[in-house]
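**Student:** mind folding the following:
(2 chains)
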Protein chains: 2
Amino acid sequence: MPQYKLTYFDLRGWAEPARQLLHLSHTPYDDVRIPMADTEKSWENLKEKTPFGQLPVLNVDGFDIPQSAAICRYLARKFGYAGKNPEEEAWADAIVDQYKDFSVAFKTLIFAARAGKPQEDILKIRYEIFNPSRDAYFEILNKILKDNKSGYLVGDGLTWADLVVADNLHSLEKLKALDDDNEDHQKLRKYVEKIYSTPDLEDHIATRMDTEV
Amino acid sequence: MPQYKLTYFDLRGWAEPARQLLHLSHTPYDDVRIPMADTEKSWENLKEKTPFGQLPVLNVDGFDIPQSAAICRYLARKFGYAGKNPEEEAWADAIVDQYKDFSVAFKTLIFAARAGKPQEDILKIRYEIFNPSRDAYFEILNKILKDNKSGYLVGDGLTWADLVVADNLHSLEKLKALDDDNEDHQKLRKYVEKIYSTPDLEDHIATRMDTEV
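**Tutor:** Below you'll find the model as predicted:
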């Protein structure tokens, strides 16, 4: 079996779906986490050794793969979570890219809050940039789930697209971006519950370190 | 042979690398272009019928695939331009995602110019957002090309990552974002020349409708 090493910060973040794929497939791996308290120093030493100056990086028998979606797709294809044929694989890819398009608005809001921008600016970003982008993205997710009927986003089983989308919905929940009185949001909450009750995933969800994002 | 229909606006844009993959593989396809002069009306009718309310969409024997990278990856794997093994495929994926990260800054500049923002604002975006993102991205591209030695981004042959990256560099050239006195930029110009002199691609490049982006 190849030796896997996944390097990231000590967060769920962009590494969590890859960790879940490794867990689901019972694959031993080295879960290297740069401590957040010491990020600046540790990261400075590591940054130049990464392919693109970024994390996560998956190392497979000495070969580095950067970029979270590329890492997940690589693992998903190895372990049978990429889709059952080329059309399902393309559909999983498309959904992940749709999520990544939405994540631009998501990151804008997160970074504005972290940068300590005035509350007025943060609210402006929330209502003018984040909410419209979220609503359009949620409409697409709910349409896919309604049309697909299986409870999964692609075909009739779990794919890496479910792991990526559910992880972000979990972050949105933590950031109070899901509303109790919105039916579309409730449907997505139920969807996350379904994904997270997957056998072989439940124990990971219950015991992992669960950060805000 | 499957029936392919690629629908996009009458631009290179996010559809051009897919057109190039279909051309390289001598695959007949229906190249549906929404006329720019009539975009609003035609697009309004079509938008609701697309999976995500966006173009491009590739239809393969009645099955719709949205999202440009998902479309290209699907075609690249069919036609042998995705990489020679799972590691090369992951590396091509990672490079395309790195380009997509950069494209956020690229789009910010393009949209600011199109929205007719004051010149002062556009220059601020150019120098504070676009240029730093471009420089970091170009450094990565040149490092990859230097390390890889083949003249291609992945392995020893043409992949869809080359088509995506070269197409964007061609847009940057048209938008005067490559400098004559910058050695890194010259190397990337030579790289585009190499990609565009690929047999079976040269005639497409010479005869296509070449828009600004």
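**Student:** the lengthiest helix in chain A vs helix B:86-114, what angle?
**Tutor:** For chain A, the longest helix by residue count, based on DSSP state H, is helix A:86-114. If you take axes from the mean of the first three to the mean of the last three Cα atoms, to 10 degrees, helix A:86-114 sits at 50 degrees to helix B:86-114.
**Student:** after helix A:86-114, which helix or strand is next?
**Tutor:** The helix or strand immediately downstream of helix A:86-114 is helix A:119-125, counting by DSSP states H and E.
**Student:** pull up the residues of chain A that are close to chain B.
**Tutor:** A:51-53, A:60, A:63, A:65-67, A:69-71, A:73-74, A:77-78, A:86-87, A:89-91, A:93-94, A:97-98, A:100, A:104, A:136, A:140 (Cβ under 8 Å from any Cβ of the partner chain). (C-beta placed from N, C-alpha, C; glycine too.)
**Student:** ok, now with 7 Å
**Tutor:** A:52, A:63, A:65-67, A:69-70, A:73-74, A:77, A:86-87, A:90-91, A:93-94, A:97-98, A:104, A:140 (Cβ under 7 Å from any Cβ of the partner chain).
**Student:** per-residue pLDDT, the residue lying closest to A:His204 once chain neighbours are set aside?
**Tutor:** Nearest residue to A:His204 in three dimensions, chain neighbours excluded: A:His23, at 4.6 Å (Cβ to Cβ, 6 or more residues apart in numbering or on different chains). Listed pLDDT for A:His23 reads 98.
**Student:** now A:His23, what's its secondary structure?
**Tutor:** Secondary structure assignment for A:His23 (DSSP: H, G, I helix; E, B strand; the rest coil): helix.
**Student:** out of everything not next to it in sequence, what's closest to the residue positioned nearest the centre of chain A?
**Tutor:** Taking Cα atoms, centre = their mean as the criterion, A:Val164 is the residue nearest the geometric centre of chain A, at 3.6 Å. Distance criterion Cβ to Cβ, 6+ apart; nearest residue to A:Val164, sequence neighbours excluded, is A:Pro17 at 4.8 Å.
**Student:** do A:Gln3 as well
**Tutor:** A:Asp61 (5.5 Å).
**Student:** can you give me the distance of the residue nearest to the centre of chain A to chain B?
**Tutor:** Distance of A:Val164 to chain B, given as Cβ to the nearest Cβ, to the nearest Å: 13 Å.
**Student:** got the phi and psi for that residue?
**Tutor:** For A:Val164, the backbone dihedrals are phi -70, psi -50 (criterion: degrees, to the nearest 10).
**Student:** which ones are touching it?
**Tutor:** The contact partners of A:Val164, by Cβ atoms under 7 Å, 6 or more residues apart in numbering or on different chains, come to A:17, A:72, A:96, A:99.
**Student:** ok, the second one - how many residues close by?
**Tutor:** With neighbours defined by other Cβ atoms under 10 Å in any protein chain shown, the count for A:Cys72 comes to 30.
**Student:** quick one: contacts for it?
**Tutor:** Here A:Cys72 is in contact with A:17-18, A:21, A:160, A:164 (Cβ under 7 Å, 6+ apart).
**Student:** what about the strands in chain A?
**Tutor:** In chain A, the segments counted as strands under DSSP state E are A:4-9, A:30-34, A:57-60, A:63-66.
**Student:** and for A:Leu163, the neighbour number?
**Tutor:** Neighbours around A:Leu163, by other Cβ under 10 Å: 25.
**Student:** you'd agree it is up against A:Pro17?
**Tutor:** Yes - with contact defined as Cβ atoms under 7 Å, A:Leu163 reaches A:Pro17; the gap is 4.1 Å.
**Student:** which helices and strands does the lowest-mean-pLDDT helix or strand in chain A pack with?
**Tutor:** Among the helices and strands of chain A, helix A:39-47 carries the lowest confidence by mean pLDDT, DSSP states H and E, at a mean of 82. Applying 3 or more Cβ pairs under 7 Å, 6 or more residues apart in numbering or on different chains; DSSP states H and E, we find helix A:39-47 packed against strand A:30-34.
**Student:** quick one: mean pLDDT for the strand it packs on?
**Tutor:** Rounded mean pLDDT across strand A:30-34 is 95.
**Student:** if we can go back for a sec, quick one: which of the contacts of A:Val164 is nearest chain B?
**Tutor:** A:Val96 (8.3 Å; Cβ to the nearest Cβ).
**Student:** show the contacting residues for the closest one.
**Tutor:** Contacts of A:Val96 (Cβ under 7 Å, 6+ apart): A:69, A:161, A:164.
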